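Participant: Following is a predicted model, sequence given first.
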Amino acid sequence: MPVSPMDRRQFMHKSAVAGAAVAAAGTVGAAPAQAAERHCKPPRTWSFSILGTTDLHSHVFDWDYYTDAPYKDKAGNSVGVARVATLIKQQRAEKGADRVLLVDAGDIIQGTSLAYYYARVDPITGAGTKGKRAPEHPMAVAMNAMQYDAAALGNHEFNYGIDTLRKFESQCRFPLLAANALDAKTLRPAFQPYTVKRIRVPGAPDIKVGILGLTNPGIALWDKDNVAGKMSFTGLVEQAKKYVPRMRALGCDVVFLTDHSGLDGSSSYGNELPYVENASNLVAEQVPGIDAILVGHTHTEVSSYTVTNKATGKDVVLSEPYCYGMRLTVFDFELELERGQWKVTSTKSKTLNSNAVAEDEQITKLLKADHDLVVKYVNTAVGTCTADLSAAEACWKDVPVMDFIHQVQMAAVATGLSTADAALPLISVAAPFSRSADIPKGDVTIRDVAGLYIYDNTLYGKKLTGAQLKDYLEFAARYYHQVPVGTAVDTATVTNANNFWDYMYDTAAGVDYEIDIAAPEGSRIKNLSYKGAPVAADQVFVVAVNNYRANGGSGYPHIAGAAIAYSSTNEIRQLMIDYVTTKGTLNPADFAVTNWKLTQGGTAVFPA
């Protein structure tokens, strides 16, 4: 039977008592061996493991709330901490629970309808309903049960505001670490920078393991509305140089980093910030004294990657366990006792696939009721649709489902403009977040809309000139590979040039234009017009745009510094749900016409 959210504490208490009884029983059987150990020489070598997850994004079970079905992808992956919990129990059983630590690299409380429900519908920061206390966050419940030792903060931890994050932090029985998240006024750490754990070694000194957490500097841009004036975010290398020596001075035998930052030294935000977005490789290379790094943020699988530190010549092992609970990283450390101090002699890492195991029964019992509640919520019908609206071709064709997003954005911005700004032409930019999104003909549910707009973005109206708008669209057109005239266009390969992912690619509505993929980058936008007339360089537009892009996300030109005509704290996804609810019927004929197209030397690639 699933455990009610209100009964979880009692369930966890019983589980803890049962676990203690098992441990006690095991101690009795081990007594002779322990007695023998006391008469033997202290061990000269020891081993232990650190298990790592990252970018869980509130995936608890192997379930896709947008399709209302088990998660499915081409690679056959499974998702959810319930499966990861099984892998963790296997590792603890194999190696001994006292030889295993468990760490996460961030992005925990955002990413699924489950996360949204406990941030907005029945928020963990609320007063509760019908005399009940506010709910515990399902991820706090799961991770407490799994006995995490520490977690780094990810950038998406800030999406719902600092109050929600602080409430989640208070519900966790492990520290949330972020050495480079500082109080904006005092410049002191806003969160615990590091923690020190001890691995007990019978007859020998404990092994002291320092765990340093680092988050992403991009938070200053991406969640500017939530953190500006409250927190500031410095570089990973800079803070690691400060804290790694401090941890060594405290006697840490092993220094382990958990970074919500990729490992290729790249940044998606151009020169908007002085700090590198994906800096884990730079930390390993430039900061002496690090043994291994758990990497997050980029949603890739890197079982083992070695970086040589420039100062010491020592190899640092890095690993990134994909995302959503698809993988578990296992770092294995071998140590030798030299003159009373433990020294690392070997560090190895690998990833385990969670699709090889079943979901853990304890996690299932704890969170099944929460899951069922959210499934019911997302399947709530909010209206109907007169035609099937698919996003399958949205990355290379003007499709009605994208016009739906544009229409909602422009309608919302129009309601909040000053008299002067309302006289300006209003347009919209938006990205095709999910190629699998589909709003069906007939009943439309919350999950249908949420599957189209998967991020918790809010809405801005910003002013751009015609020249700036053209620059903006030229930047977006970098998304396409150059395909010369006379060469067939393959939709499987024409997109995602320059590591420009779908969420980074904006189309515009309210203006007409062509993208000539035969032309070189920087000169692809042709025939840009507004209401049939060419757009003038000095013509001023109000552009409806999400907060991520408005604050500099993906490095688009001009938009971050543009004048603000409108801003709102309402999520665009909810505005879309409200639009359908109010209209009752979703009809593509009511949408704004985007009217953009791909061309090769002036010839349409996909004729209407």
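Facilitator: Yes, it's here.

Participant: list the contacts for the nearest residue to Ala292 once chain neighbours are set aside?
Facilitator: For Ala292, ignoring the flanking residues on the chain, the nearest one in space by C-beta to C-beta, 6 or more residues apart in numbering is Val317 at 4.6 Å. Using the backbone N, CA and C atoms, a C-beta is placed for each residue, glycine as well. Applying C-beta atoms under 8 Å, 6 or more residues apart in numbering to Val317 gives the contacts Asp291, Ala292, Ile293, Ser304, Tyr305, Thr306, Phe331, Thr347, Lys348, Ser349.

Participant: nearest to Thr54, of those residues?
Facilitator: Ile293 (11.2 Å; C-beta to C-beta).

Participant: I'd assumed Asp259 was in contact with that closest one.
Facilitator: Yes: counting by C-beta atoms under 8 Å, Ile293 does reach Asp259; the two are 5.7 Å apart.

Participant: Which residues are in contact with each of these two?
Facilitator: Counting by C-beta under 8 Å, 6+ apart, the shared contacts of Ile293 and Asp259 are Ser280, Val283.

Participant: now the strands: where do they sit in the stretch 301-450 of the chain?
Facilitator: Listed in chain order, the strands of the stretch 301-450 of the chain (DSSP state E, counting those that start in this stretch) span 301-308, 315-321, 327-338, 341-353, 381-385, 389-390, 426-430, 438-439, 442-445.

Participant: Quick check: closest non-adjacent residue to Asn547.
Facilitator: Thr458 (4.6 Å).

Participant: in the sheet, who's paired with that neighbour?
Facilitator: Beta bridges link Thr458 to Glu571 when assigned by DSSP bridges.

Participant: neighbours around it, how many?
Facilitator: 20 (other C-beta atoms under 10 Å).

Participant: cool, and Asp223?
Facilitator: Residues lying near Asp223 (other C-beta under 10 Å) number 24.

Participant: Likewise for Ala608?
Facilitator: Ala608 has 7 neighbouring residues, counting by other C-beta under 10 Å.

Participant: ok, now how distant is it from Gly251?
Facilitator: Look at Ala608 and Gly251: by C-beta to C-beta, to the nearest Å, they are 70 Å apart.

Participant: Same check on Asp107?
Facilitator: Taking C-beta to C-beta, one finds Asp107 at 32 Å from Gly251.

Participant: So for those two, which residue has more residues nearby?
Facilitator: Between Asp107 and Gly251, counted using other C-beta under 10 Å, the more crowded position is Asp107 (28 against 13).

Participant: List only buried entries from the contacts of Val317.
Facilitator: Those of those that meet the buried threshold are Asp291, Ala292, Ile293, Ser304, Tyr305, Phe331, Thr347, Ser349, by 16 or more other C-beta atoms under 10 Å.

Participant: tell me which of those residues is nearest to Tyr579?
Facilitator: Among these, Ile293 lies closest to Tyr579 (C-beta to C-beta), at 44.2 Å.

Participant: wait, is the closest one part of a helix?
Facilitator: No: read with DSSP: H, G, I helix; E, B strand; the rest coil, Ile293 is strand and lies in no helix.

Participant: what about the stretch 451-600 of the chain, any weak spots by pLDDT?
Facilitator: 592-594 (pLDDT under 70).

Participant: And the helices in it?
Facilitator: Using DSSP state H, counting those that start in this stretch, the helices found in the stretch 451-600 of the chain span residues 466-476, 547-550, 572-583.

Participant: list the helices and strands the first one packs on?
Facilitator: Meaning helix 466-476. Judged by 3 or more C-beta pairs under 8 Å, 6 or more residues apart in numbering; DSSP states H and E, helix 466-476 is in contact with strand 507-509, strand 525-530, strand 540-546.

Participant: Contact partners for the spatially most central residue of the chain?
Facilitator: Closest residue to the average C-alpha location of the chain: Asp107 at 4.5 Å, with C-alpha atoms, centre = their mean. Asp107 makes contacts with Thr54, Asp55, Leu56, His57, Gly154, Asn155, His156, Glu157, His260, Gly296, His297, Cys323, as judged by C-beta under 8 Å, 6+ apart.

Participant: Would you enumerate the residues in contact with the first one?
Facilitator: Residues in contact with Thr54 (C-beta under 8 Å, 6+ apart) are 104-107, 154, 260, 294-297, 320-323.
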